[in-house]
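Enquirer: Curious how this folds, go ahead:
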Amino acid sequence: MEYGYIHGTEVDTTNGSPYDRGAADSYYGRGRQPHYWPSGSYQGTKVPMEMMTEEELYQYHHGYDWNEKYGDRKDWG
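Expert: As a prediction, this is how the structure comes out:
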């Protein structure tokens with residue numbers, strides 16, 4: 001796992017993590033759809049919102065919110 005601090009909050013930034021998926025959903029202009037992939041993006045079994053812990057949901061929303069405020073968007077043009 002790769003951990004980092006984003007605005008003082010420790011987050012797992014591993015590919016497929018809740019934080020990573022939240023940031024990716026924002027980047028691609030998708031709405032919030034909390035989920036993650038424990039084995040890496042699109043690898044193994046997807047964990048849907050209904051099966052996520054409060055901490056996992058927090059991490060997802062933190063990634064989404066961070067990208068909305070500081071990240072960028074996919075240029076579809």
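
Enquirer: Counting residues, which helix of the chain comes out longest?
Expert: For the chain, the longest helix by residue count, based on DSSP state H, is helix 54-70.

Enquirer: Who are the packing partners of that helix?
Expert: Applying 3 or more Cβ pairs under 8 Å, 6 or more residues apart in numbering; DSSP states H and E, one finds that helix 54-70 makes contact with strand 9-12, helix 18-27, strand 35-36. Backbone N, C-alpha and C define where each C-beta goes, glycine included.

Enquirer: and the last one, how far from the chain's centre?
Expert: Read that as strand 35-36. Its chain's C-alpha centre and that of strand 35-36 lie 7 Å apart, by Cα atoms, centre = their mean, to the nearest Å.

Enquirer: Show me what secondary structure element comes after it.
Expert: The first helix or strand that comes after strand 35-36 along the chain, using DSSP states H and E, is strand 47-48.

Enquirer: what about the spatially closest residue to Arg32 that is not a sequence neighbour, how many neighbours?
Expert: Nearest non-adjacent residue to Arg32, counting by Cβ to Cβ, 6 or more residues apart in numbering: Tyr64, 5.8 Å away. Per other Cβ atoms under 10 Å, the neighbour tally for Tyr64 reads 25.

Enquirer: okay, Tyr64: pLDDT?
Expert: Turning to Tyr64, the model gives it a pLDDT of 96.
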